[in-house]
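K.L.:
Here you go, sequence then predicted model.
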Amino acid sequence: MMKRNLKYLIVILVIIPQISCNDWLELIPPGGLIRQEFWKTKADVNSVLMAAYSEFSRMDRALFLFGELRADMLVGSSNQPLNEQLIMENNIYPDNAFTSWKIFYKVINYCNEVIYNAPLVQKIDNTFTDYQMQGLVSEAYFLRSLAYFYLVRIYNEVPLIIEPTESDDADFYVPKVSEETVLLQIIKDLEANRAFAPSESFVTLNKNKGRASKAAFDALLADIALWRFDYPNVIKYVNQIQTSKKFVLMPSAKWFEMFYPGNSLESIFEFQ
């Protein structure tokens, strides 16, 4: 009798930890939001798009330095970070942290998430109209294209990633492609989505200047065409901006208002 009871006790002791362990592994973190609970409403789509805008706006100093450090237009100081000083001296090596492109790919992944998930959310959220969905997706295409345009101008050849990275199983060693391949991709994306972009129709000035409008699409397309020496298309896209009659050149006496306080009559797109 004693042996039989002891046998049952051992069996119970073996089973209980297995059950407890399985339950513990399946617990949902109380302080976070898992993917299965996200991407349910249009608000989720908008929040990720706003995260992309926010991350891009935080790059303002880096974007300035990427454009000027190697151009002999800046003077260093004793407080200048060593990584930036080395770039000014054209001593550029892969272990220099400032040469990392991860900040751009963070924005790109946010945009890829919006582009991929917005149509899926629309199937769940009945209040998410085609007009709203296409508008948010078009802005994601704009920000992704702008990020890639910066990347090719800084690095020339870069990985072209147009799908979201949703798990640890994703390939994190995507090979680089040519500059022209990237440019042709973003031109195609911009031209296909320009029609769905907002038309300076927001209530506030900072949103009209800070969101990707049709004029912002045209300005980016004109800039890309200029980079590729495609002058007929430069004229085409600039003419589209001019014919809208929504922008005027600032008087020479007020040129600095383009930088402070910003959002001037001449401004087409600014990160707020």
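P.N.:
Received, thanks.
K.L.:
For stretch 53-71, what does the pLDDT average out to?
P.N.:
Averaged over stretch 53-71, pLDDT sits at 89.
K.L.:
Now do residue 44, the pLDDT please.
P.N.:
So residue 44 comes in at 94 (pLDDT).
K.L.:
What are the boundaries of the helices in the protein?
P.N.:
2-25, 42-57, 60-68, 82-88, 102-124, 130-155, 179-193, 205-210, 214-227, 231-244 (DSSP state H).
K.L.:
who's in contact with the shortest one?
P.N.:
Meaning helix 205-210. Contact partners of helix 205-210, identified using CB atoms under 8 Å, 6 or more residues apart in numbering, comprise 53, 200, 201, 202, 262, 263, 267, 268, 269, 270, 271, 272. Placement of C-beta: from N, CA and C, glycine included.
K.L.:
Widest-spaced pair of these?
P.N.:
201 and 262 (20.2 Å; CB to CB).
K.L.:
Pick out whichever of the two has more residues nearby.
P.N.:
Each of residue 201 and residue 262 has its neighbours counted (other CB atoms under 10 Å); residue 262 has more, 15 against 10.
K.L.:
ok, that one to residue 172 distance?
P.N.:
38 Å (CB to CB, to the nearest Å).
K.L.:
With residue 44 instead?
P.N.:
In this view, residue 44 and residue 172 are 25 Å apart by CB to CB.
K.L.:
Which one's more surrounded, these two?
P.N.:
Higher neighbour count among residue 44 and residue 172: residue 44, with 21 against 9, using other CB under 10 Å.
K.L.:
Can you verify my assumption that that one contacts residue 122?
P.N.:
No - at 11.5 Å, residue 44 and residue 122 do not qualify as touching, with contact defined as CB atoms under 8 Å.
K.L.:
shouldn't residue 214 be in contact with residue 197?
P.N.:
Yes - using CB under 8 Å, residue 214 makes contact with residue 197 at a distance of 4.7 Å.
K.L.:
which of these two has more neighbours?
P.N.:
Each of residue 214 and residue 197 has its neighbours counted (other CB under 10 Å); residue 197 has more, 23 against 19.
K.L.:
ok, the more buried one - contacts?
P.N.:
135, 138, 139, 142, 212, 213, 214, 216, 217.
K.L.:
again, but for residue 183
P.N.:
Going by CB under 8 Å, 6+ apart, residue 183 touches 149, 152, 224, 227, 228.
K.L.:
let's see 10 Å
P.N.:
For residue 183, the contact set (CB atoms under 10 Å, 6 or more residues apart in numbering) comprises 145, 148, 149, 152, 224, 225, 227, 228, 230.
K.L.:
what do you get for residue 143?
P.N.:
Per CB under 10 Å, 6+ apart, neighbours of residue 143: 49, 52, 53, 55, 56, 107, 108, 110, 111, 114, 212, 271.
K.L.:
Show the backbone phi and psi for the last one.
P.N.:
Backbone geometry at residue 271, expressed as degrees, to the nearest 10, gives phi -70, psi 130.
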